[in-house]
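> From the sequence below, what's the structure:
(one chain, ligands or ions: 1)
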Amino acid sequence: MTTKVEKQTKFTDQLVEEILPIWRANHSHPFVQGIGHGTLAEEKFRHYLVQDYLYLKQYTKVFAVGIQKANDLDIMTTLSESVHGLLSVEMSLHRKYAERFGLTEDEFTYAKEAPTTIAYTRYMLSEAQNGTLAHVVAAVLPCAWSYLEIGKELAQIPGALDHPLYGDWVKMYSSEEFTKSAQDMIDLMDQLASNLAGEELDHLKEIFLQTTRFEYLFWEMGNELKDWPEAIQAK
Ligand SMILES: Cc1ncc(CN)c(N)n1
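Okay, here's the model as predicted:
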């Protein structure tokens, strides 16, 4: 008699499958497609990029909370590699663009956070600080994973990798290095979820859904140049 091996769906596959239309809304967002087809207005990209630099600064701190919550040295190493990758590799892309736009690093670093940037990053930090290591990973996962998928999809569009302005962005998010760091988070999520059940998994799904929705709001912010209304702008 042959034993039939049941193929178990990975928790991370379940995460995406259960919210597929929302997940894919990020990929087809006009801002994202504008990067891939080279049609996005430069002003919109610049607004997004400044906010993204501020976003990444806070996002890095979420990984630092994860390191504090972890006990396993391999996991601590993976998270600290992500911290290094964010500060030294991903943010250097933004610094390169800043130079092209004629902005100083200080103009990037000390720009004011838009409402969406605050809402998204403080949501992640709150879930991370009040939760477990699994909550930390569920919070950061859509950021890494959706950019990876988007980077790979945009790289297939003829000319996207060679575009004079957006080509470097597409190269970064479709790179081997970014693929590894995103895959590390997917694997870590599955590893941590394998010891959990019921309401604990539901909470992870809820965090994953919320940060996926925040990803969409972030694209919206870029596309519509959203910021604080003029009347309440801080000088
Ligand atoms: C808002 C956002 N989400 C995700 C990524 C990819 N780390 C990013 N740079 N910015």
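> Would you mind listing the buried residues in the helix ranked longest in the chain?
Secondary structure of the chain per DSSP state H: the longest helix is helix 42-69. Using 16 or more other CB atoms under 10 Å as the test for burial, helix 42-69 gives 44-67, 69. For the C-beta atoms, the positions are set from N, CA and C on the backbone; glycine is no exception.
> What about the ligand: which of those residues touch it?
Applying CB under 6 Å from any ligand atom to these, one finds that 52, 55-56 fall near the ligand.
> nearest to residue 203, of those residues?
residue 55 (23.5 Å; CB to CB).
> can you pull the contacts of that closest one?
When contacts are counted by CB atoms under 8 Å, 6 or more residues apart in numbering, residue 55 is found next to 117, 120-121, 218.
> Take those residues and keep only those in strands.
Per DSSP state E, strands hold no members of the contacts of residue 55.
> ok, which pair from the residues you listed is furthest apart?
Farthest apart among the contacts of residue 55 by CB to CB are 121 and 218. That separation is 10.1 Å.
> Okay, now the unreliable bits of the chain?
Where the chain drops to pLDDT under 70, the residues are 1-7.
> How about the secondary structure of the residue most central in space within it?
Centroid-nearest residue in the chain, with CA atoms, centre = their mean: residue 143, separated by 1.8 Å. Under the three-state scheme (DSSP: H, G, I helix; E, B strand; the rest coil), residue 143 adopts helix.
> Contacts only, for it.
So residue 143 contacts 59, 211, 215 (CB under 8 Å, 6+ apart).
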